[in-house]
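**Student:** Provide a 3D model corresponding to the input given below.
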Amino acid sequence: MKLKQYLKKGSVGGLLLSIIIPVAVLLLIGVIYFYIYLPSTTNHGESITVPDLTGVHVEELEEFLTKHELRYAVNDSSYSADHPALAVLRQFPHAGSLVKQNRVVYVSLNRVLPPTLPMPELAERSLVNADVVLKSLDLKRGRIFYKPSPFRNFVLEMQYEGKKIEPGTAITKGSVIDLVVGDGNGPADFTIGNLVGDQLETAKFKLMGWNLYLGSVQIPTDVDTTGIEIFVFKQYPAAGDSVRVGDPVDIWIGPKGYTEPEEEGEEETDTEDNELK
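**Tutor:** Numbers count the residues shown, from 1 in each chain. Model prediction:
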């Protein structure tokens, strides 16, 4: 009797009851929607493992991903000689990632035509250095042909498809470049070239190419080389002399056009000869 009076319309209990019932109904609806209906329609808690798409051709991509309940979109393109044209090179998400059903996988495709680049200069380099340059430019080293030369594993010539190729020639990435290198069994002695008149850095580069090394560098006492271009005005052994691989070469340097002054003894001899005449 007291409970009926407490819940009687217009009483405090009736007011509380009118508030609690709608709130309870809303909470029940929320629980049913978020924990029963929504998970059943969105596959909540279910995930799909992204397959490895590397090497898959674009024409097979849609059918392949449909079987895995995924989609794809082309993000960009690049080039690799190791895969056919229009094959997948990269993907995101990566293979093995867990994603939701119907997720878009972004792919990078291999170009139909490989890009071109100028053939680098590899002659007068070591074989190791040539390998580094070829790899950095996405070119492949092919066969090595040995040629008699005192400089072992020193690149003498570059070839492409059996013919000599000059530096700067347009060539496609991924091309195979053959190299002609020295076998180290050439004549032990050879004639040294001329360094006189060359800048100091040019002379050093020539010596490196000849497999000789820089010996002493002499500067005349009356010459100040500060802040000027330096040139070679004398060398030993002289140009045309016979040298061996690894021999040192001494040079004398000074400003451009500098000539070595005549020694006093030579001047006196010239004077005496003139007097006798």
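**Student:** any idea how far Glu260 is from Arg111?
**Tutor:** 61 Å (C-beta to C-beta, to the nearest Å). (Glycine included, C-beta is placed from N, CA and C.)
**Student:** Just the residues contacting stretch 151-161, thanks.
**Tutor:** 119, 122-128, 130, 145, 147, 149, 164-165, 167, 169, 171, 175-184, 186, 211, 245 (C-beta atoms under 8 Å, 6 or more residues apart in numbering).
**Student:** Now a PyMOL select for only the buried ones of these.
**Tutor:** PyMOL command restricting the contacts of stretch 151-161 to the buried ones, with burial defined by 16 or more other C-beta atoms under 10 Å:
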select buried, resi 119+122+125+126+127+130+149+165+171+175+177+178+179+180+181+182+211+245
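**Student:** Can you tell me which of the contacts of stretch 151-161 end up in strands?
**Tutor:** 145, 147, 164, 171, 176-182 (DSSP state E).
**Student:** Let me have those in JSON lines, extended by pLDDT and distance to Ser136.
**Tutor:** Formatted as JSON lines, the ones in strands among the contacts of stretch 151-161 follow (pLDDT from 0 to 100; distance: C-beta to C-beta, whole Å):
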{"residue": "Phe145", "pLDDT": "92", "distance to Ser136": "23"}
{"residue": "Lys147", "pLDDT": "85", "distance to Ser136": "25"}
{"residue": "Lys164", "pLDDT": "94", "distance to Ser136": "22"}
{"residue": "Ile171", "pLDDT": "93", "distance to Ser136": "14"}
{"residue": "Val176", "pLDDT": "94", "distance to Ser136": "16"}
{"residue": "Ile177", "pLDDT": "96", "distance to Ser136": "13"}
{"residue": "Asp178", "pLDDT": "96", "distance to Ser136": "18"}
{"residue": "Leu179", "pLDDT": "95", "distance to Ser136": "16"}
{"residue": "Val180", "pLDDT": "93", "distance to Ser136": "21"}
{"residue": "Val181", "pLDDT": "91", "distance to Ser136": "19"}
{"residue": "Gly182", "pLDDT": "86", "distance to Ser136": "23"}
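**Student:** Identify the farthest-apart pair in those residues.
**Tutor:** Based on C-beta to C-beta, the longest span within the ones in strands among the contacts of stretch 151-161 runs between Ile171 and Gly182 and measures 23.9 Å.
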